[in-house]
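Chemist: structure for the following, please:
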Amino acid sequence: MKVMKIKNILGSVIMFMLLVVGILWALNMTITPHAGTDHDTSATKVNSKPIRVVALGDSLTEGVGDTTSMDGYPTRLKNKIKDYTHKSVVMSNFGISGERSDQILNRLEHNDKLRQRVRSANLLVLTAGGNDLLQTLQRNVTDNSSELALKVNQANVTYSNNIKNIFSGVRKLNPDIKIFMISIYNPFFVYFPNVATINSSVEAFNTSAQNVTNSGENAYFINVNKTLSEGQFDTSDKLNELKQKSKIDTLDPSSLDKAQSTLNNNTEKNIYLSDNDHFHPNGKGYDVMTKYLFESIKTNTNLKK
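Modeler: Residues are numbered from 1 along each chain as shown. Below you'll find the predicted structure:
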């Protein structure tokens with residue numbers, strides 16, 4: 001009984017970290033996911049044939065967490081491309097909260113409207129992987145570290161294969177399209193900078209996505225992990241101070257009170273994440289994501305032509 005009680009407490013600690021920090025990301029995106037939208041928006045000034053962009057993915061494409069009127073990165077990106085090229089821009093947003101990479105792949109294979117948009121697009125931006133990783137951690141919260149690492153590795157292999165198939169499916173529809181893959185990040189970092197499990201899992205998923213992206217032509221990886229994970233703790237001194245102040249470096253029952261005290265603060269510690277769920281980017285976070293994305297697009301395309 002005593003062993004079971006300790007295991008139950010340990011499970012509560014891990015579940016608390018994974019679920020409460022993000023205010024139940026799974027509830028926001030998996031249990032009650034948004035219906036998903038496909039917005040086509042065109043600039044009024046027309047110089048030549050419009051630039052067509054497909055935004056495909058999960059809540060980071062849908063724009064969850066953004067309390068401005070910009071609705072995440074797609075609208076921001078549309079405006080930047082329009083201002084840069086002085087061309088008409090058609091942005092099609094196919095972001096749906098809660099979707100894993102296999103569900104995004106399934107839409108690509110069976111959603112006729114999405115497939116038609118991809119066929120005619122110049123650019124495709126993809127966000128995927130956050131739900132794959134989070135749901136794996138949730139399902140295995142009571143496993144020991146070695147068992148959890150094995151489950152994360154298995155999920156990572158599946159994720160990598162799904163990303164390969166998404167890229168392949170896009171290429172079959174449109175061989176000339178340029179694909180931009182945005183990394184995932186660790187929204188728990190500023191609260192638990194010394195807990196290696198989540199950090200290493202995020203890195204592993206991003207490495208897989210980057211390897212898939214780098215293996216093909218006209219595909220580019222946008223790494224927002226460091227900036228969005230670390231927030232304003234953007235120097236060695238600030239990071240060291242953050243880590244020194246954190247009292248949680250292992251997952252054990254004694255961490256519970258410390259974790260509860262930290263997470264009861266309603267103000268998000270990371271300036272790039274939402275105060276509402278402590279998980280998704282806020283307006284500043286989407287600004288950063290769009291900045292990195294647009295810089296890569298300018299470098300790797302000739303949109304003004």
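
Chemist: what segments of the stretch 51-200 of the chain are helices?
Modeler: Secondary structure of the stretch 51-200 of the chain (DSSP state H, counting those that start in this stretch): helices at 59-62, 73-85, 101-110, 112-120, 130-139, 145-173, 196-214.

Chemist: and these, which is most packed in?
Modeler: Burial of those is given as mean neighbour count (mean count of other CB atoms under 10 Å); helix 59-62 ranks first at a mean of 28. For glycine as for every other residue, the C-beta is placed from the backbone atoms N, C-alpha and C.

Chemist: send the alpha carbons of that helix over as PDB?
Modeler: The C-alpha coordinates for helix 59-62 follow below in PDB (Å, rounded to 0.1, in the frame of the first residue of the first chain):
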ATOM      1  CA  SER A  59      -2.900  25.100 -32.800                       C
ATOM      2  CA  LEU A  60       0.300  27.100 -33.600                       C
ATOM      3  CA  THR A  61      -1.100  27.500 -37.100                       C
ATOM      4  CA  GLU A  62      -4.700  28.200 -35.900                       C
END
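
Chemist: and the residue positioned nearest the centre of the chain, what does it touch?
Modeler: For the chain, the residue nearest the mean C-alpha position is residue 184 (3.9 Å; CA atoms, centre = their mean). Each residue near residue 184 by CB atoms under 8 Å, 6 or more residues apart in numbering is listed here: 127, 129-130, 133, 202, 205-206, 209, 225.

Chemist: kindly provide the distance from it to residue 119.
Modeler: Distance, residue 184 to residue 119, using CB to CB, to the nearest Å: 28 Å.

Chemist: again, but for residue 269
Modeler: Noted for residue 269: a distance of 44 Å to residue 119, by CB to CB.

Chemist: check residue 199 too.
Modeler: 39 Å.

Chemist: what does residue 211 give?
Modeler: 27 Å.

Chemist: residue 51 too?
Modeler: 15 Å.

Chemist: ok, now which ones touch residue 209?
Modeler: Contact partners of residue 209, counting by CB under 8 Å, 6+ apart, are 128-129, 159-160, 163, 181, 183-184, 221.

Chemist: tell me where the model's unsure across this structure.
Modeler: Low-confidence segments of the chain (pLDDT under 70): 1-47, 250-266.

Chemist: residue 117 is in contact with residue 93, isn't it?
Modeler: No - counting by CB atoms under 8 Å, residue 117 does not reach residue 93; the two are 10.0 Å apart.

Chemist: how about the closest residue to residue 192 other than its chain neighbours, secondary structure?
Modeler: Excluding its sequence neighbours, the residue lying closest to residue 192 (CB to CB, 6 or more residues apart in numbering) is residue 248, at 5.5 Å. Following DSSP: H, G, I helix; E, B strand; the rest coil, we place residue 248 in the coil state.

Chemist: and residue 248, how many neighbours does it have?
Modeler: The number of residues packed near residue 248 is 19, by other CB atoms under 10 Å.
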